[in-house]
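**Q** sequence first, then the predicted structure:
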Amino acid sequence: MTAAKPSYAPARLVVGQLLLLAGQGPLDVEGRLVGEGDTEAQAAQVFANIAEVLTAHGAGLADLVRLTIFVADRADIPAVQAVRARLLAPPYPAATIVVAGLIDPAWRLEVEATAALPQGSR
């Protein structure tokens, strides 16, 4: 097995109920783009959106087990990794980063997530 990398793990064993999050973009609660042209600001908003969905289900960022991060440009990866490293702690979720065209050309990233819900969550 490969050693864990900073802020992500090569694999996570999950037991229990999973919560699958649709792709989260860099929009605030009113649907406005956050941080146009600023990948780090957009990444912070995306993870805030993920945290909000998790909280609504009795979970938090620590319950993430899988991330698929889509970035608009390979040059965006370091900024996304910096935000992820600030917000996540071991055990890290398994993660993949994909360079892809996104639904809105102003978006620098979109993130799909999977969380393992704590027992008793909804």
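**A** Yes, it's here.
**Q** when you work out contacts or count neighbours from here on, use the C-alpha atoms and nothing else.
**A** OK.
**Q** elements contacting the helix or strand hosting residue 21?
**A** For residue 21, the element it lies in under DSSP states H and E is strand 18-24. The contact analysis (3 or more C-alpha pairs under 8 Å, 6 or more residues apart in numbering; DSSP states H and E) places strand 18-24 against helix 39-56, strand 109-116.
**Q** packed most tightly, which of the ones you listed would that be?
**A** Of the helices and strands packed on strand 18-24, the one with the most neighbours on average (mean count of other C-alpha atoms under 10 Å) is strand 109-116, at a mean of 23.
**Q** and stretch 42-58, how far out from the chain middle?
**A** Relative to the centre of its chain, stretch 42-58 is centred 8 Å away, using C-alpha atoms, centre = their mean, to the nearest Å.
**Q** what's it in contact with?
**A** 21, 24-28, 34-36, 60-61, 79-80, 83-84, 107-111, 113, 115, 117-118, 121-122 (C-alpha atoms under 8 Å, 6 or more residues apart in numbering).
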